[in-house]
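# here's my sequence, what's the structure:
(one chain, ligands or ions: 1)
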Amino acid sequence: MEKIRCLILGSGPAGYTAAIYASRANLSPVLYEGIQPGGQLTTTTEIDNFPGYPNGVSGIQLMEDMKKQAQRFGTDIRFGIATAADLSKRPFRITIDGEKVVEAESLIIATGAKAKYLGIPDETKYAGMGVSACATCDGFFYRRKTVAIVGGGDTACEEAVYLSGLAEKVYMIVRKDFLRASKIMQDTVFKMPNIGILFNHNVTGIYGKEGVEGVHLVKNSGLPNEEKYDLAVDGLFLAIGHEPNSGIFKDYLDTDETGYIITQGSTPLTNIPGVFAAGDVADPVYRQATTAAGSGCKAAIEAERFLSSLD
Ligand code: NDP
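All right, here's what the predicted structure looks like:
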């Protein structure tokens, strides 16, 4: 069976940053790219908030650059998805693509998270053409336009406020008659003159020729005949939660009720020595490329400390 000193799962900013640091520390890291090589950033367009790119950079380019940087220091980057894990003892055993099992002395989990989608077929049709699950990534394209954001939690409120500084009008589409967000976020939303909240509403479809031109809405009045109407918007943002890709580790690692891996304080240490979590899989709050990169760096430094403590 193949033995790996430092195994990294995931190829977003956390995984690649961990790989850059781990390879420079001579940990001979092997990185499996996972289900979406390059991670969530490859699904966005232009990234203007990653330091070092004064003119912005495409998500795909940024991830290509990170990959090359990790390869330059010798990271062994492979296609493959971790499909099962046995973290009951060291070396940890990870199954790749349901077939091959590798043994790892240390493990950095950087498997990320995926944004939840509504499940209506039009979402995929308009992905990158007006439908986005990240206001901080794509809001800039809607300056002085009209947008809608679905959700009533802290993320939706935070993103609605962010969008209200760019767009002319922001509609929040909330399926219940209240916001789930913290009181302070609710108050901030209520104060913004250009945010309108459509309570008891659901999006049932999207329309538009070249991109999003509007959404089909249903207002749940509680009466047998629900009110249906169309709302013209230039962009539709989804903020209905994220799902961390932590399922295969849940029998071993402490997670919160959503499945985010719990780490110790601001470190990437999990409840198992030698297993580290970095990036969105352990971050329900910030979820930025820069914060993920930072935590990947920490994870590699901790892996190095852990491995040298064994020598
Ligand atoms: P939440 O799960 O808190 O909220 C999701 C929202 O989306 C809810 O309003 C929910 O409605 C709605 N929703 C879910 N599914 C659908 C659907 N199919 N159709 C329509 N609406 C739907 O997720 P968040 O991402 O907002 O927050 C996750 C966690 O992170 C929370 O604990 C939050 O407090 C925290 N957070 C903290 C921040 C901060 O402190 N600055 C910033 C951002 C997040 P319903 O209420 O009806 O279920």
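
# okay, the nearest residue to Val275 once chain neighbours are set aside and Ile262: tell me how far apart.
Spatial nearest neighbour of Val275, chain neighbours left out: Leu107 (4.8 Å); criterion: C-beta to C-beta, 6 or more residues apart in numbering. From N, CA and C alone the C-beta is placed, and that goes for glycine too. Here Leu107 is placed at a distance of 16 Å from Ile262 (C-beta to C-beta, to the nearest Å).

# Lys250 too?
As defined by C-beta to C-beta, Lys250 lies at a distance of 11 Å from Ile262.

# ok, now Thr188?
From Thr188 across to Ile262, the span is 28 Å (C-beta to C-beta).

# the two: who's more crowded?
Each of Thr188 and Ile262 had its neighbours counted (other C-beta atoms under 10 Å), and the higher figure belongs to Thr188 (17 against 12).

# state the number of residues packed around whatever residue of the stretch 51-200 of the chain ends up closest to the ligand.
Per C-beta to the nearest ligand atom, the residue of the stretch 51-200 of the chain with the smallest distance to the ligand is Gly153, at 2.4 Å. Using other C-beta under 10 Å, Gly153 is surrounded by 17 other residues.

# list the contacts of the closest residue to it other than its chain neighbours.
In space, Gly153 comes closest to Arg180 once its chain neighbours are excluded; the distance is 4.8 Å by C-beta to C-beta, 6+ apart. Residues in contact with Arg180 (C-beta atoms under 8 Å, 6 or more residues apart in numbering) are 152-154.

# for those, give me TSV that also has secondary structure.
Conversion of these to TSV gives the following (DSSP: H, G, I helix; E, B strand; the rest coil):
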residue	secondary structure
Gly152	coil
Gly153	coil
Asp154	helix
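
# what does this structure put close to the ligand?
Counting by C-beta under 6 Å from any ligand atom, the positions of the chain adjacent to the ligand are 118, 150-156, 158, 175-176, 180, 240-242, 284-285.

# select the longest helix from this structure.
Taking DSSP state H as the criterion, the chain has its longest helix at helix 289-310.

# what about that helix, average pLDDT?
What helix 289-310 shows for mean pLDDT is 97.

# for that helix, packing partners?
In this structure, helix 289-310 packs against strand 2-9, helix 13-24, strand 100-109, strand 275-277, with contacts taken as 3 or more C-beta pairs under 8 Å, 6 or more residues apart in numbering; DSSP states H and E.

# how big is the angle separating the longest one from helix 289-310?
Taking axes from the mean of the first three to the mean of the last three C-alpha atoms, to 10 degrees, one finds that helix 13-24 is oriented at 40 degrees with respect to helix 289-310.
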